[in-house]
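Engineer: Starting from these lines, generate the structure:
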Amino acid sequence: MNKVLVARLDSDGDVLLAGPAIRAVAARAEVTLLCGPAGEQAAALLPGVDRTIVWSCPWIAAHPDPVRPAQIHELVDRLSAECYDQALVLTSAHQSALPLALVLRMAGVPHIAAISADYPGTLLDVRLRPGRDFTDDAPEPERALAVAHAAGHHLPAGDDGALRVRTPPDVSHVTGAGPYLVLHPGATVPARRWPAHRCAEAVEALTARGHRVLVTGSPGEKDLTAEVAGDTGVDLGGATGFAELSGVLAGADAVIVGNTGPAHLAAAVGTPVVSLFAPVVPAVRWAPYRVPTALLGDQSAACRGTRARECPLPGHPCLTTVTAEDVVHAVDELRQSAHLSPQVPR
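Structural biologist: Next up, the predicted model:
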């Protein structure tokens, strides 16, 4: 069996979006996933990944260390020892595949596929050009699948190309009995967070309608989840790792979340999403993929397309204008749709 390296060096959400492409490669090859530290949790959940190499990439990481020759040579030596037959470099529209392609060439990888708007010389064997070889505004999973297809890999029969993770664990001891919603208030990028006071208002409004609301977050977000849960929600801040979070999201009637990793994790377990989406990146590429979604937030706000990490506008208007009642209405519509339509497989 061929050995293929698939690289996606960003965060957990980006790694989850690479899942369909990875499954296409895994249908005929042994897959090693090269990911960054921020994507390691998601990598552990992806079907089709045989091995994972974690490497902090200085031209991809949000807060990178300086480029150090010894670090690059260490990666070259490690990859060279594996004797890969092929590599796929998966990137977003704002990233270049060429620096990593050079590293892979130095490691002796004989066949490299990637998207590149820039002339790659001999760095790529398969080059896809945005706007020519695929739709420029393609959703991220389809962008990655285009690379896999061009490199000769296709999803097996019966695989619909949706996001997937390995079977979530039983988390009933965390969630308790009975139906529930999940509200996840945090996001790594501050510009993509619904303000905490709005989240707290939504928890109160939803519980007043008879919903049980679980508020999730990482160990570093315990103060935030406690504030948002208040006296009516269930505070699960720091109570789950990423795998356990997949189980919590899988059991929810709907998930209320910004454009961040847990939104894509919810999509990967087939749960409808109320997406509080700041337009700093385009929703057509980054909205929850192939699950029922209610998209909230002013997509025409002045921050549109800026890729800002901190909101550049006073008052964060694209999301602050979303109210608790907007969320209640979105949840009602998603739940009604779920009752009227076949459920997305979980």
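Engineer: so where do the helices sit in the stretch 201-346 of the chain?
Structural biologist: 222-229, 242-250, 261-268, 283-286, 317-320, 324-340 (DSSP state H, counting those that start in this stretch).
Engineer: so which of the ones you listed gets nearest residue 91?
Structural biologist: helix 283-286 (12.4 Å; C-beta to C-beta). For glycine as for every other residue, the C-beta is placed from the backbone atoms N, C-alpha and C.
Engineer: buried sites along that closest one?
Structural biologist: 283, 285-286 (16 or more other C-beta atoms under 10 Å).
Engineer: Over to stretch 190-201?
Structural biologist: 191-194, 198-201.
Engineer: could I get it in CSV with only the CA atoms?
Structural biologist: Extracted C-alpha coordinates of stretch 190-201, given in CSV (Å, rounded to 0.1, in the frame of the first residue of the first chain):
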residue,chain,number,x,y,z
PRO,A,190,-11.9,37.1,19.5
ALA,A,191,-13.6,38.7,16.4
ARG,A,192,-15.7,35.5,16.0
ARG,A,193,-17.2,35.5,19.5
TRP,A,194,-20.8,36.4,20.3
PRO,A,195,-20.5,38.8,23.3
ALA,A,196,-20.7,37.0,26.6
HIS,A,197,-23.7,39.1,27.8
ARG,A,198,-25.6,38.1,24.6
CYS,A,199,-24.8,34.4,25.3
ALA,A,200,-26.1,34.7,28.9
GLU,A,201,-29.3,36.3,27.6
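Engineer: quick check: mean pLDDT across that stretch?
Structural biologist: The pLDDT scores in stretch 190-201 average 96.
Engineer: List of residues touching that stretch?
Structural biologist: 183, 185-187, 215, 224, 227-230, 258-260, 276-278, 280, 303, 308-312, 316, 319-320, 322-324 (C-beta atoms under 8 Å, 6 or more residues apart in numbering).
Engineer: Summarise which helices and strands the helix or strand that contains residue 182 is packed against.
Structural biologist: Per DSSP states H and E, residue 182 falls inside strand 181-184. Helices and strands touching strand 181-184, as assessed by 3 or more C-beta pairs under 8 Å, 6 or more residues apart in numbering; DSSP states H and E, comprise helix 196-208, strand 213-217, strand 255-258, helix 261-268.
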